[in-house]
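**Student:** 3D, please:
(one chain, ligands or ions: 1)
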Amino acid sequence: MNTVIETVGLKRSYQDFDAVRGIDFTVARGELFALLGTNGAGKTSTLELLEGQAVPSGGTVKVLGRDPFRDRAAVRHRIGVMLQEGGFPPELTVLETVRMWAGCTSGARPADEALALTDLSGRSKVRVKQLSGGERRRLDLALALLGRPEVLFLDEPTTGLDAQSRRDTWDLIRELKAQGTTVLLTTHYLEEAEQLADRLAIMHKGLIATTGRVEDVVSERPSRISFQLPQDRFLGELPPLAPMGVTRHSNEGGTVLLETRDLQRTATELLTWAHHTGVALHALDVRSASLEEAFMEIAKGLDEEETR
Ligand SMILES: Nc1ncnc2c1ncn2[C@@H]1O[C@H](COP(=O)(O)OP(=O)(O)OP(=O)(O)O)[C@@H](O)[C@H]1O
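**Tutor:** Residues are numbered from 1 along each chain as shown. Down below sits the predicted model:
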């Protein structure tokens, strides 16, 4: 594996508050790694350490084999950074902003190319202060792409974008990845991680709660089947639940909920039973585990552990 980003026991504290409490992860060349987490989990604090904007309080971070803070001169021109809130001079036009930035970037793409990539060509003469929130995000991205970076750091790149712009940005990120760019992004949109990420980490209160490929993180969670039995039927009439693959069950207010790690087997056996006994399962809902459920359970589970 050609490791491009590596953190070991990485920590960041603000005065006496530990925002990042020792995290380890690696990102290989050409990979897209998504950092997810609840508000205040420590994503931006981590990203800033990777970008060389701050010194860790503990542990180590390497980007392209170097310390991004100490070896800033060697690393800076090989990375692209899209901050959560880029600050631009409000009176400059979009084109002037890109040209100004290009002047400080070695080997910059032509300004027109950066604007075309981010679908801002039609807005080049508009002053920055007149852009919508979504257009500003795209201008941020255009600037991050100017130096044809090997590694791209994107902090919530599609926040504030409408559905179409979000999908266009995903296409652009996929294209950059196909060209070999390594991408680390933070996002609150779980669908974004599902669409783009090769691997992800879910952070909670300064720690990584789980990490892996999307399917691995999701497969740790159970799938669910829920339905209502007719009033003259009882849960006990079903075949034994454990051999059907059911790991947990409940029956609240007439709604039966079955959890299973073998959705196909459980659903098949349930429907076969219903067919043979002539029972109608009302409001039947069969649902695979999703990243959203994994996320919610992790956040909830860790909170419960802390309050114990
Ligand atoms: N400069 C600072 N001084 C003190 N505390 C800070 C500072 N910056 C961030 N924090 C705190 O550190 C914690 C982590 O913040 P961070 O911005 O890294 O979280 P995040 O995961 O990016 O959150 P969000 O999803 O809300 O953007 C939060 O509790 C935040 O209040």
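**Student:** Point out the residues in this structure that sit beside the ligand.
**Tutor:** Y14, F17, A19, G37, N39, G40, A41, G42, K43, T44, S45 (C-beta under 6 Å from any ligand atom). Yep, even glycine has a C-beta here, placed from its N, CA and C like the rest.
**Student:** confidence score at the third one?
**Tutor:** So the one you mean is A19. On the pLDDT scale, A19 is placed at 96.
**Student:** quick one: buried residues of the helix or strand hosting it?
**Tutor:** Element membership for A19 (DSSP states H and E) is strand 17-28. Across strand 17-28, burial judged by 16 or more other C-beta atoms under 10 Å covers D18, A19, V20, R21, G22, I23, F25, T26, V27.
**Student:** hmm, back to that, so which of the residues of the chain next to the ligand sits lowest on pLDDT?
**Tutor:** Across these, the bottom pLDDT score, 87, is held by N39.
**Student:** Show the contacting residues for that one.
**Tutor:** With contacts taken as C-beta atoms under 8 Å, 6 or more residues apart in numbering, N39 has no neighbouring residues.
**Student:** is it fair to say it lies in a strand?
**Tutor:** No: assigned with DSSP: H, G, I helix; E, B strand; the rest coil, N39 falls outside any strand and is coil.
**Student:** sorry, back to before: buried among the residues of the chain next to the ligand? Need that as a selection in ChimeraX.
**Tutor:** Only the buried entries of the residues of the chain next to the ligand go into this ChimeraX selection, using 16+ other C-beta under 10 Å:
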select :19,37,41,42,43,44,45
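**Student:** which one among the residues of the chain next to the ligand gets closest to V246?
**Tutor:** G37 (31.4 Å; C-beta to C-beta).
**Student:** Just give the closest residue to P149, not the sequence neighbours.
**Tutor:** Distance criterion C-beta to C-beta, 6 or more residues apart in numbering; nearest residue to P149, sequence neighbours excluded, is G80 at 3.3 Å.
**Student:** re the thing from before, format the buried residues of strand 17-28 as TSV; extra columns: distance to V151.
**Tutor:** Shown next, in TSV, are the buried residues of strand 17-28 (distance: C-beta to C-beta, whole Å):
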residue	distance to V151
D18	26
A19	23
V20	19
R21	24
G22	23
I23	18
F25	14
T26	13
V27	8
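**Student:** Return the closest of these with respect to Q195.
**Tutor:** Nearest to Q195 among these, with distances taken as C-beta to C-beta, is V27, at 17.8 Å.
**Student:** who are the neighbours in contact with that closest one?
**Tutor:** V27 neighbours (C-beta under 8 Å, 6+ apart): T3, V4, I5, E6, F33, T182, L184, R199.
**Student:** partner residues bridging it?
**Tutor:** I5 (DSSP bridges).
**Student:** hmm, back to that, surely the residue nearest to P149 is in a helix?
**Tutor:** No: judged by three-state DSSP, G80 forms no part of a helix; its state is strand.
**Student:** pretty sure it contacts D155?
**Tutor:** No: with contact defined as C-beta atoms under 8 Å, G80 does not reach D155; the gap is 11.7 Å.
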